[in-house]
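Student: Generate a structure from the sequence data that follows.
(2 chains)
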Amino acid sequence: MIEVEQLTKEYAGQAAVRGVSFKVGRGEIVGFLGPNGAGKSTTMRILACYLPATSGRARVAGFDVFEQSLEVRRRLGYLPENVPIPAELRVDEYLSYRAALRGLSGNRARARVAAAKEQCALGDVGRRIIGQLSKGYRQRVGLADALLHEPDLLILDEPTIGLDPEQIAQVRDLIRSLGERHTVLLSTHILPEVEAVCSRVIIIHRGRIAAQGTPAELTEQAHAATHIRIEAKPPAGAVDAAALLAALPGVEAVERVTGGAGEWRHFELRAAAGMDPREEVFRLASARGWTLREVSRRQPSLEEVFVRIIHSGEGEVNRES
Amino acid sequence: MRPFLALIERELKALFYSPVAYVVLGAFFLLTGLNFYSVVSAFSRGPAGVTLVEAYFNTIVFWFALLPVFPLLTMRLYAEEFRLGTWELLQTAPVRDWQIVLAKFLGVFCFYLLLWIPTTLYFAVFQWVTREDAAQALGAYGGSFLLILLMGAFFLSLGALCSALTSSQIVAWVTSFAVIVAVFFTGFLGYVVPNISQNLRDIVAYFSTAEHMYEFTRGLIDTRPLVYYLSLTVLLQFLTFLVLQSRRWRR
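Tutor: As a prediction, this is how the structure comes out:
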């Protein structure tokens, strides 16, 4: 659905996007992840035919975004950051106007406006003036607008920014349901959002793609470790519990220990890649007569992966310069 | 065609949903009403050498009321969309830039037509009450309104271009008003500068909007001003289109 090759965009000599290449297949929900100013919005604006690229190519549904921009725009629903929609119009008025801009008219236009409002739960605000709506509703009006012409591709720039937690949950549910019929490219700098919604992630940093893959693949790629947390009470006068744990197969290191002999102690182990030493921990505890209260495994969050990738990226940049 | 009509409709709505439209209509109707009143009361004091149409369109009050209207109507055309960011949604919809340019111009031009409803009523009422002709001939009526339309198209295009160059409505108003006033007063150069050569005086007279109005209200329909306003309107619309195109690259 999207093919981007060596895309570069410079603003007055400053590169915002440098040689970005990626592909998005039909039906995918892809998250564009990166810190503020990483080049997410710029890339999306190029794909939405709002900005011309300095060099490189971008194609949407097989059409070049620059050469065949009108064809691309017909197949694209775009929600810009901050949803700039005219405040003086009523919701229904605005949506019918946007439907007409897409060449829909008569019954077809009315049906599409009604369907988009239904999808975005806007049924009861049709007569309201957009300027008087809350941010959550405005966001949904923007989304409904993007859906009017049943586009193949939806590009959503920060669709949940500035919303309260309940509204965020609603918008996420909506996006997930949209993924059944449309290809979605959304940008965010909120990590849980990606984990909650996206089938694939592209991490972009300083105008370059730092990593891409499913959340699981990224975790592997980043060599982020699995952590095991143990709460146990070794009997008084036992030998050094931490040393025993460290000697277990599959344990790389004991990272944190609290408490002393004869009381409840917490241990945090770092497991070797691909290993799960919880069984070994149990056997050790039963052999040594420890009372166990907790043995749990914590998978690395995408957040850790993200921080790791961004930092390693910075290392490369520093080495270059 | 449907998207194009939607754009024009949107433009008219934007005007009527803002107070500017009503303030402009109110102030213009008030001032032209005063203008009509003063002309008719001058007629009632004694015989006049001119017809109502000639007198009405050639007073200082008339020009003072009309010239600020153009920048007031056009200042928000593009500047407001740039400032609010709605331009981004317009540019990513499947409409072409020339459609936007033309639709915005036609929208504001339709509004401009509304300004002249009371004026036509004044002339009708005058004829009905006094049983005198308001103009020398039908050609003087037609000529006057033809010039009003073409001159309006030119000044509105100037305003549209100024609006496309900035994201501040105030800047758009000031620049377009300055240019419109400058164009208007070029015609008076012959009266202001004493030692101007006759040739230059003649050339400047071609550009004098006030001079055109004087001739057309007497029924002298000259094709030269018509070509002048029409060609400049087309040129200015094209320049606006180019400015918008180049805007894509400057961002």
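Student: what's near enough to touch the closest residue to A:Glu81 other than its chain neighbours?
Tutor: Sequence neighbours aside, A:Asp157 is the residue nearest to A:Glu81 in space, at 4.3 Å (criterion: Cβ to Cβ, 6 or more residues apart in numbering or on different chains). For the C-beta atoms, the positions are set from N, CA and C on the backbone; glycine is no exception. By Cβ atoms under 8 Å, 6 or more residues apart in numbering or on different chains, the contact list for A:Asp157 reads A:40-41, A:44-45, A:78-81, A:186-187.
Student: now those residues in JSON lines, with neighbour count?
Tutor: As requested, these are exported to JSON lines (neighbours: other Cβ atoms under 10 Å in any protein chain shown):
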{"residue": "A:Lys40", "neighbour count": "27"}
{"residue": "A:Ser41", "neighbour count": "21"}
{"residue": "A:Met44", "neighbour count": "23"}
{"residue": "A:Arg45", "neighbour count": "25"}
{"residue": "A:Tyr78", "neighbour count": "26"}
{"residue": "A:Leu79", "neighbour count": "26"}
{"residue": "A:Pro80", "neighbour count": "23"}
{"residue": "A:Glu81", "neighbour count": "18"}
{"residue": "A:Leu186", "neighbour count": "28"}
{"residue": "A:Ser187", "neighbour count": "26"}
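Student: Spatially central residue in chain B, please.
Tutor: By Cα atoms, centre = their mean, the mean C-alpha position of chain B lies nearest to B:Gly152, the distance being 2.6 Å.
Student: residues contacting that residue?
Tutor: So B:Gly152 contacts B:70, B:109, B:112 (Cβ under 8 Å, 6+ apart).
Student: Out of these, flag the one nearest to chain A.
Tutor: Of all the contacts of B:Gly152, B:Phe109 has the smallest distance to chain A: 19.7 Å, by Cβ to the nearest Cβ.
Student: Burial check on that closest one, number of neighbours?
Tutor: A count of nearby residues for B:Phe109, using other Cβ atoms under 10 Å in any protein chain shown, gives 19.
Student: So for A:Arg98, what's the nearest residue that isn't a sequence neighbour?
Tutor: Using Cβ to Cβ, 6+ apart and skipping residues adjacent in sequence, the residue nearest A:Arg98 is A:Asp145, 4.8 Å away.
Student: so how far is A:Tyr97 from that neighbour?
Tutor: 9 Å (Cβ to Cβ, to the nearest Å).
Student: if you look at the contacts of A:Asp157, which of them are in strands?
Tutor: Under the assignment DSSP state E, these contribute A:78-79, A:186-187 to strands.
Student: what about B:Phe126, neighbour count?
Tutor: Around B:Phe126 there are 20 residues (other Cβ under 10 Å).
Student: I'd like the distance between the residue nearest to the centre of chain B and chain A.
Tutor: Applying Cβ to the nearest Cβ, to the nearest Å, the value for B:Gly152 to chain A is 25 Å.
Student: that's a strand at that residue, yeah?
Tutor: No: with DSSP: H, G, I helix; E, B strand; the rest coil as the criterion, B:Gly152 is located in helix rather than a strand.
Student: still on that earlier bit, A:Asp145 and A:Tyr97: which has the busier surroundings?
Tutor: Set A:Asp145 next to A:Tyr97 and count neighbours by other Cβ under 10 Å: A:Asp145 wins out with 27 against 21.
Student: can you pull the contacts of that one?
Tutor: Counting by Cβ under 8 Å, 6+ apart, A:Asp145 has contacts A:77, A:79, A:85, A:94-95, A:98, A:116, B:89.
Student: helix or strand for it, which one?
Tutor: If you go by DSSP states H and E, A:Asp145 is part of helix A:135-147.
Student: For the helix or strand containing B:Trp173, give me every contacting residue.
Tutor: B:Trp173 is part of helix B:169-186 when elements are defined by DSSP H and E. For helix B:169-186, the surrounding residues in contact (Cβ under 8 Å, 6+ apart) are B:63, B:67-68, B:70-72, B:74-80, B:83, B:155, B:158-159, B:161-163, B:165-166, B:192, B:204, B:207-210.
Student: and after it, which helix or strand comes next?
Tutor: helix B:189-192.
Student: tell me what that following helix is packed against?
Tutor: Secondary-structure packing of helix B:189-192 (3 or more Cβ pairs under 8 Å, 6 or more residues apart in numbering or on different chains; DSSP states H and E): helix B:198-206.
Student: and chain B, which residues reach chain A?
Tutor: B:2-3, B:5-7, B:9-10, B:13-14, B:17-18, B:84-89, B:91-96, B:248-249, B:251 (Cβ under 8 Å from any Cβ of the partner chain).
Student: Quick check: residues of chain A near chain B?
Tutor: Checking chain A against chain B by Cβ under 8 Å from any Cβ, the hits are A:11, A:45, A:48-52, A:70, A:73-74, A:76, A:78, A:80, A:82, A:84-86, A:88-89, A:93, A:97-98, A:100-105, A:145.
Student: of the residues you listed, buried ones?
Tutor: Neighbour-count burial (16 or more other Cβ atoms under 10 Å in any protein chain shown) is assigned, among the residues of chain A next to chain B, to A:45, A:48-51, A:73-74, A:76, A:78, A:80, A:82, A:84-86, A:89, A:93, A:97-98, A:100-105, A:145.
Student: Next, format the contacts of B:Gly152 as a markdown table and append distance to B:Thr32, secondary structure and pLDDT.
Tutor: Output for those, formatted as a markdown table (distance: Cβ to Cβ, whole Å; DSSP: H, G, I helix; E, B strand; the rest coil; pLDDT from 0 to 100):
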| residue | distance to B:Thr32 | secondary structure | pLDDT |
| --- | --- | --- | --- |
| B:Phe70 | 15 | helix | 96 |
| B:Phe109 | 19 | helix | 96 |
| B:Tyr112 | 14 | helix | 96 |
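Student: all helices for the stretch 1-150 of chain A, in order.
Tutor: A:40-47, A:69-74, A:91-101, A:106-119, A:135-147 (DSSP state H, counting those that start in this stretch).
Student: what's the helix or strand A:Phe282 falls within packed up against?
Tutor: Here A:Phe282, judged by DSSP H and E, is contained in helix A:278-288. For helix A:278-288, the helices and strands in contact under the criterion 3+ Cβ pairs under 8 Å, 6+ apart are strand A:227-233, helix A:241-246, strand A:291-298.
Student: tell me the most buried of the ones you listed?
Tutor: strand A:227-233 (a mean of 20; mean count of other Cβ atoms under 10 Å in any protein chain shown).
Student: So which bits of the lowest-mean-pLDDT helix or strand in chain B are buried?
Tutor: Counting by mean pLDDT, DSSP states H and E, chain B has its least confident helix or strand at helix B:189-192, which shows a mean of 75. For helix B:189-192, the buried set under the neighbour-count rule, 16+ other Cβ under 10 Å, comprises B:189-190.
Student: what does stretch B:200-214 give?
Tutor: Under 16+ other Cβ under 10 Å, the buried positions of stretch B:200-214 are B:204, B:208-209, B:211-213.
Student: Chain A: which of the residues you listed is nearest?
Tutor: Of all the buried residues of stretch B:200-214, B:Thr209 has the smallest distance to chain A: 33.9 Å, by Cβ to the nearest Cβ.
Student: In contact with that closest one, which residues?
Tutor: Here B:Thr209 is in contact with B:151, B:183-184, B:187 (Cβ under 8 Å, 6+ apart).
Student: ok, 6 Å please
Tutor: Each residue near B:Thr209 by Cβ atoms under 6 Å, 6 or more residues apart in numbering or on different chains is listed here: B:151, B:184, B:187.
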